[in-house]
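A.B. asks: build me a model from this:
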Amino acid sequence: MTRTAAVLAAAALAAFLMPVAQAAPPLCGPRATVADYLGVRHGETVIVRAMAGTRVFELYTNPEKRTWTVILTDNRGVACMGGAGT
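C.D. replies: The predicted model follows:
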């Protein structure tokens, strides 16, 4: 398994296994807006980008703060947060 595939698989598993924050709606919006928010607010940059069915899967991280965020973008350009953690 390549390193990218391993990181992608681990991030996807973590995103689906982590508990959902209570009373917090998913963060959705235009992909550029969500990506800018992750960069400005959390200092995260994309390290993995892959197709997941008809969606684009992206893993953003900040190695210094040890945070990560997964977003899924549909074919209309709407991105929703799939998970986040430390």
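
A.B. asks: tell me which element the residue lying closest to Arg31 once chain neighbours are set aside falls in.
C.D. replies: Distances taken as Cβ to Cβ, 6 or more residues apart in numbering put Ala79 closest to Arg31, at 4.1 Å, once the chain neighbours are dropped. C-beta coordinates here come from the backbone N, C-alpha and C atoms, glycine included. With elements taken from DSSP states H and E, the one containing Ala79 is strand 78-85.

A.B. asks: return the set of buried residues in that strand.
C.D. replies: Under the neighbour-count criterion of 16 or more other Cβ atoms under 10 Å, strand 78-85 has Ala79, Cys80, Met81, Gly82, Gly83, Ala84 buried.

A.B. asks: my guess is Phe57 contacts Ile47. True?
C.D. replies: No: under the criterion of Cβ atoms under 8 Å, Phe57 makes no contact with Ile47, lying 11.8 Å away.

A.B. asks: picking that back up, which of the buried residues of strand 78-85 sits closest to Leu27?
C.D. replies: Met81 (4.2 Å; Cβ to Cβ).

A.B. asks: separation between the closest one and His42?
C.D. replies: Using Cβ to Cβ, to the nearest Å, Met81 is found at 11 Å from His42.

A.B. asks: between these two, which contacts overlap?
C.D. replies: Taking Cβ atoms under 8 Å, 6 or more residues apart in numbering as the contact rule, Met81 and His42 both touch Thr69.

A.B. asks: may I have the strands that pair with the strand holding Ala79, each with its orientation?
C.D. replies: strand 28-30 (antiparallel), strand 67-73 (antiparallel) (DSSP bridges).
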